[in-house]
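In: coords below, sequence missing:
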């Protein structure tokens with residue numbers, strides 16, 4: 001009988017891939033969250049909202065930005081796997 005290897009056998013972290021994805025995520029998140037803040041402020045002025053309305057709008061756009069960043073990191077992990085078999 002042949003020995004079966006576990007599908008989650010010995011794995012090593014691929015640090016160059018991890019650093020690449022984290023670096024790109026930091027750069028992209030600065031743009032996404034900056035756009036969420038500025039966009040919420042601009043839309044609040046456009047619609048004549050008060051400060052509370054502006055903060056709520058910014059929070060909604062910030063939450064959308066978080067979803068965008070989660071999607072980015074997941075997609076980047078498929079291209080640059082964080083682990084590889086030892």
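Out: Good, I have the coordinates. The model shown is predicted, which means the values in this text are computed figures rather than measured ones.

In: which other helices and strands contact the helix or strand hosting residue 36?
Out: Per DSSP states H and E: residue 36 is located in helix 15-47. In terms of contacts (3 or more CB pairs under 8 Å, 6 or more residues apart in numbering; DSSP states H and E), helix 15-47 is packed against helix 51-79. From N, CA and C alone the C-beta is placed, and that goes for glycine too.

In: ok and the helix it packs on relative to helix 15-47, angle-wise?
Out: 150 degrees (axes from the mean of the first three to the mean of the last three CA atoms, to 10 degrees).

In: In its sheet, which strands sit next to the helix or strand that helix 51-79 is followed by, and in what direction?
Out: Counting by DSSP H and E, the next helix or strand C-terminal to helix 51-79 is strand 83-85. When pairing is defined by DSSP bridges, strand 83-85 lines up against strand 11-13 (antiparallel).

In: Which residues does the partner strand contact?
Out: By CB atoms under 8 Å, 6 or more residues apart in numbering, the residues outside strand 11-13 that reach it are 82-86.

In: what do you get for stretch 26-43?
Out: Here stretch 26-43 has contacts from 49, 54-55, 57-62, 64-65, 68-69, 72, using CB under 8 Å, 6+ apart.

In: Buried residues, that stretch. List them.
Out: 28-29, 32-33, 36, 40-41, 43 (16 or more other CB atoms under 10 Å).
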